[in-house]
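Chemist: Predicted model, plus sequence, below.
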Amino acid sequence: VADVLSCKPSELAFYCLPKLHIRRVGDHEADSAKRASECGDGTLEAREVPDAMEYVDLFLNQKDFLINMNEAIVRNNEIGIYDGCKKAVELCVARK
């Protein structure tokens, strides 16, 4: 159980829980944080500790911020955003 996942913006950008994206390791990860932010279930990349702490402050003191992220997760799940692995397995099984 988690309220918020803090992680680099990688494949974890597509897990269905609120995400605080911290500094990326590679430039290829920048799009993952941007996409999660567009989908409403993650923050933009917090490159420095003060940036991350601003998001922590929002999580703690602006109830709507976390509520909106969770509502986005429900909507995203309804339209299948988090179904990538499920779809990959279905395609593999169908090929047999």
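Modeler: Okay, I see it. These figures come from a predicted structure and were not determined experimentally. Numbers count the residues shown, from 1 in each chain.
Chemist: Just the buried residues of the helix ranked longest in the chain, please?
Modeler: Determined from DSSP state H, the single longest helix within the chain is helix 63-78. Neighbour-count burial for helix 63-78 flags 69, 72-73, 76 (criterion: 16 or more other C-beta atoms under 10 Å). (Glycine included, C-beta is placed from N, CA and C.)
Chemist: Contact partners for Arg23?
Modeler: Applying C-beta atoms under 8 Å, 6 or more residues apart in numbering to Arg23 gives the contacts 8, 45-48.
Chemist: What does it show for phi and psi?
Modeler: Phi and psi for Arg23, reported as degrees, to the nearest 10, are phi -50, psi 130.
Chemist: And Gln62, by the same measure?
Modeler: Dihedral pair for Gln62: phi -120, psi 90, per degrees, to the nearest 10.
Chemist: same check, this time on Ser6
Modeler: Per-residue torsions, Ser6: phi -100, psi 120 (degrees, to the nearest 10).
Chemist: ok, back up a step: of the buried residues of helix 63-78, closest to Val4?
Modeler: Nearest to Val4 among the buried residues of helix 63-78 is Met69, at 8.2 Å by C-beta to C-beta.
Chemist: Apart from its neighbours in sequence, what residue is nearest the closest one?
Modeler: Nearest non-adjacent residue to Met69, counting by C-beta to C-beta, 6 or more residues apart in numbering: Pro18, 4.1 Å away.
Chemist: close enough to count as contact, that neighbour and Asn68?
Modeler: No. Between Pro18 and Asn68 there is no contact under C-beta atoms under 8 Å: 9.4 Å.
Chemist: Could you report the distance from the residue nearest to Val4 when sequence neighbours are not counted to Asp57?
Modeler: Leaving aside its chain neighbours, Val4 sits nearest to Pro18 (4.7 Å; criterion: C-beta to C-beta, 6+ apart). Using C-beta to C-beta, to the nearest Å, Pro18 is found at 15 Å from Asp57.
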